[in-house]
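>>> Next come a sequence and a model predicted from it.
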Amino acid sequence: MAISELNPAQRDAATAGDGAVLVIAGAGTGKTQTLVHRVAWLVEQGVPPEQIVLLTFTRRAANEMLERASRMVGDRARKVRGGTFHAFAAQSLRIHGHHLGYTPRFTIFDTDDSERLVANVRAELGYAGKQRNFLRADALHKLWSLHRNTGRDVLDIVEQERPEQLDEVPHIERVMKAVDERRKKLDAMDYDDLLVRFGELLFDHEAPRKRISGGCRHVLVDEYQDTNRVQAQIAAGLMSEHGNLMAVGDEAQSIYAFRGATVRNILDFPEMMGGARIIKLEENYRSTTRILDLANGVLKSATEGFDKRLFSSLGEGAFPEVLDVDDEDAQAYEVARRIDAVWQAGAKLREICVLIRSGFHSNLLELELGKRKIPFEKFGGIRFVDAGHVKDSIAMFRTLANPRDELAWTRVLRTIEGVGETTAAKIAASAVEVGRLDATPYLKRKFGPALGLLADVLDAARDADDASRAKLLVDWYRPSLERLYDDGKRRERDLDTVELLAARAASLDDFLQGLALDPVEPAEDEDAEDEDKLVISTIHSAKGLEWRAVFILALRDGGFPSAYALEDPEQIEEEKRLLYVAVTRAREKLTLVRPAWIRSRAPTFDLGDGNTLLDQIDDFDDLVEAARRHSGGGGGNEGRGRMDRFRKWFDRG
């Protein structure tokens, strides 16, 4: 086993003795390699492999680590018990679940099963009637899941996530407690049950806890900063008999609070363990020094965290660049133009990534890339033009452009409450036949007034100018969002984009054609796995990945940081951690794009003129090269904001 290939800090972690150990692994510091060597070293020291437990967040991660360990110490490493928290919990509950009233053959419900059960119980208790504005089954399930995984009070969660439903909290609790009881009666567990019940088993039942913990002589937990409250409890329960727990993670990469993860687990680990050895991995093997200088500046701005400073032996590299542009239109134009320029000069698109805080931040960029025929793939969320609510709104424009478009008619009609598939098809067939929507035969039906309003809006829009037409159609559809989608308020921003694009298009046909541009196919002689496509990714989806060059978009209050975070200090801290994750995805080139103005419907307060994230980084201006600061930008033509020197960033092979 080549322990000698590790740096001193990695070697210290891999060969740590017994007890509680916290490994703070900064971005790009070889965390996985360290864990692999830790497993191999324990096996070499004579620890029975079946008494080593490696808990990860994906089965694939555990399998890959154990495969690498087996190449070091042989097949013995394959007996290590590696897998996800949920899988380990399920295995243990099959054996010990009778203490909680379950048989070894209990059923595991997936998300769809769980939501169907919620829907059934919701209806049985009388909460499914149209007279009530009660949460749908999927929304109920999500709220209850957050409650169970975080331990937060239901009232607090509803106040933050669905404040309009505060009066319904007692009814929400009634429904979901009934769901929990029904599921247990069915001898079934959902994904949350696996963790909650396993935690209950470890904390409330001494005999099985001793057996389970006694059989786990060494417990290793990867990505500890992403654990929720229940998972931290499970980890503590598993090490209760022997005290051997190694938690590996980076508090600065704790970015999944919306899933129930809490940064407190890793920050409070030393205190929770009554004193734990702390080992820091700080040598970065990914990024050049000047990029890490900026990352360290972000770390320094955090109000709480472990004192660490990333360093690299990869050379100083290029300074990060701040690209100032007028607005989101200019942002899309400038970024697409730069990418196009280096691509034409021979750069590989797959070595470039555009990182976004939220899926809608790339709406305009996606359209600009389409115009330039630059192929791309998007990680996190779905493409703008593929989102259901965007398709709904565009369908109205399609009926005006082509009254024979039966699919568009059907889609629009299905957005009206009370209109089912059969009725929609019948009305659509009539509209196709006469070339317009005739609501007269249906005015006495419950949905008649809404159908009549749609007919009037379409008639008015048919003769309106581009801007008026766009406003008429989008304003008609906008009130349907909250009924059709549980996150309707957040989707309104995409409707703003649709309205903007339709209003400024040269014609209705140009608008629809621009949205329907087909993506460019890769060259025929290129293997599928080698497709050269630009990557657009949310920062959450980019964690663990890296690219040669990275653009970070919308660094302006209301964009990144999110408008929803601006009044909450804890959320601003998570936004800083998101920025740290984004910055450390870049190996050689980093561009921070800062629009002077961002459209945002979310806040009900003034956004201000600052850049909350950048302004809180000490000496930010010193961390980027002043000569690369670019003002204006707000491009609409090729002569504006030229950045030809960007080509030189990719002058190496």
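Happy to help now that I have it. Numbers count the residues shown, from 1 in each chain.

>>> Could you list the low-pLDDT ranges of the stretch 401-550 of the chain?
For the stretch 401-550 of the chain, residues meeting the criterion pLDDT under 70 lie at 513-530.

>>> Kindly recompute the last result at 50.
517-529 (pLDDT under 50).

>>> Quick test: name the residue nearest the centre of the chain.
Geometric centre of the chain, nearest residue: His540, 4.2 Å, by CA atoms, centre = their mean.

>>> does it count as helix, strand or coil?
Following DSSP: H, G, I helix; E, B strand; the rest coil, the label given to His540 is helix.

>>> Which parts of the stretch 1-150 of the chain are helices?
Counting by DSSP state H, counting those that start in this stretch, the stretch 1-150 of the chain has these helices, from start to end: 8-14, 31-44, 59-73, 85-96, 111-124, 137-150.

>>> looking at this, Met246 is in a helix?
No. Counting by three-state DSSP, Met246 is not part of a helix but strand.

>>> Let me know whether it touches Val21 as I believe.
Yes. Applying CB atoms under 8 Å, one finds Met246 in contact with Val21, separated by 4.6 Å. Where you see a C-beta, it was placed from the backbone N, CA and C, and this is true even at glycine.

>>> Pick out whichever of these two has more residues nearby.
Shown here are Met246 and Val21; by other CB atoms under 10 Å, Met246 has more neighbours (27 against 22).

>>> how near is that one to Ala87?
Distance of Met246 to Ala87, given as CB to CB, to the nearest Å: 19 Å.

>>> Below-threshold pLDDT in the stretch 101-250 of the chain: ranges please.
Scanning the stretch 101-250 of the chain residue by residue, none of them satisfies pLDDT under 50.

>>> got the residue ranges for the strands in the stretch 501-650 of the chain?
534-538, 547-552, 586-595 (DSSP state E, counting those that start in this stretch).

>>> Please render those strands as TSV that adds mean neighbour count to the earlier fields.
Formatted as TSV, the strands of the stretch 501-650 of the chain follow (neighbours: other CB atoms under 10 Å):
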stretch	mean neighbour count
strand 534-538	23
strand 547-552	24
strand 586-595	24
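
>>> Gly74: which of these is closest?
strand 586-595 (34.6 Å; CB to CB).

>>> ok so, going back, and for Met246 and Val21, which residues touch both?
Ala13 (CB atoms under 8 Å, 6 or more residues apart in numbering).

>>> circling back to that earlier point, would you reformat the strands of the stretch 501-650 of the chain as CSV and include distance to Leu484?
Below are the strands of the stretch 501-650 of the chain laid out as CSV (distance: least, CB to CB, whole Å):
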stretch, distance to Leu484
strand 534-538, 23
strand 547-552, 32
strand 586-595, 30
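
>>> Ala467: which of those is closest?
strand 586-595 (22.4 Å).

>>> Can you give the distance of that closest one from its chain's centre?
Mean-position distance between strand 586-595 and its chain equals 20 Å (CA atoms, centre = their mean, to the nearest Å).

>>> just checking, what packs against that strand?
helix 289-301, strand 321-325, helix 328-344, strand 547-552 (3 or more CB pairs under 8 Å, 6 or more residues apart in numbering; DSSP states H and E).

>>> how far off strand 321-325 does that strand point, in degrees?
Orientation check (axes from the mean of the first three to the mean of the last three CA atoms, to 10 degrees): strand 586-595 against strand 321-325 gives 20 degrees.

>>> Run the angle between strand 586-595 and helix 289-301 for me.
60 degrees.

>>> Report the strands that pair with strand 586-595, each with its relative direction.
strand 321-325 (parallel), strand 547-552 (parallel) (DSSP bridges).

>>> what does stretch 292-303 contact?
For stretch 292-303, the surrounding residues in contact (CB under 8 Å, 6+ apart) are 27, 252, 284, 287, 305, 308-312, 320, 569, 573, 576-577, 579-580, 583-584, 590, 613, 616-620, 623-624.

>>> right, and the helices and strands packed on strand 586-595 - which one's nearest Pro441?
So among the helices and strands packed on strand 586-595, helix 328-344 is nearest, using CB to CB, at 44.2 Å.

>>> What pairs with the next helix or strand after that closest one, parallel or antiparallel?
Toward the C-terminus, helix 328-344 is succeeded by strand 352-356 as the next helix or strand (DSSP states H and E). Applying DSSP bridges, strand 352-356 is found paired with strand 534-538 (parallel), strand 547-552 (parallel).

>>> now the shortest one: how far from the chain's centre is it?
Right, the one you point to is strand 534-538. 12 Å.

>>> List of residues touching it?
With CB under 8 Å, 6+ apart, strand 534-538 has contacts from 339, 349-350, 352-359, 362, 365-366, 369, 374-381, 545, 547.

>>> what angle separates it from helix 328-344?
Computed by the same axes, to 10 degrees, the angle between strand 534-538 and helix 328-344 is 140 degrees.

>>> likewise the longest one?
Counting by the same axes, to 10 degrees, strand 547-552 lies at 160 degrees to helix 328-344.

>>> where do the helices sit along the stretch 451-600 of the chain?
Ranges of helices in the stretch 451-600 of the chain, per DSSP H, counting those that start in this stretch, are 466-477, 481-484, 488-504, 508-515, 539-542, 569-583.

>>> Need those helices in CSV (columns: distance to Gly558).
Compiled in CSV, these are given as follows (distance: least, CB to CB, whole Å):
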stretch, distance to Gly558
helix 466-477, 20
helix 481-484, 20
helix 488-504, 10
helix 508-515, 25
helix 539-542, 16
helix 569-583, 12
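
>>> right, so the helices of the stretch 1-150 of the chain: which one is the most enclosed?
For the helices of the stretch 1-150 of the chain, the largest average neighbour count (mean count of other CB atoms under 10 Å) is found in helix 31-44, namely a mean of 23.

>>> residues making contact with it?
Contacts for helix 31-44 (CB under 8 Å, 6+ apart): 1, 3, 6, 10-11, 13-16, 23, 25, 49, 52, 54, 61, 65-66, 68-69, 72-73, 76-77, 80, 218, 220, 222, 246, 248, 250, 281.

>>> pLDDT averaged over that helix, what's the number?
Across helix 31-44, the average pLDDT comes to 94.

>>> for stretch 368-376, same thing?
Mean predicted lDDT for stretch 368-376 stands at 92.

>>> Tell me how far that stretch lies from the chain's centre.
So, by CA atoms, centre = their mean, the centroid of stretch 368-376 is 24 Å from its chain's centroid.

>>> And that stretch, end to end?
In stretch 368-376, first residue to last residue: 11 Å (CA to CA, to the nearest Å).

>>> What are the buried residues along that stretch?
If you call a residue buried by 16 or more other CB atoms under 10 Å, then stretch 368-376 has these buried ones: Glu368, Leu369, Gly370, Ile374, Pro375, Phe376.
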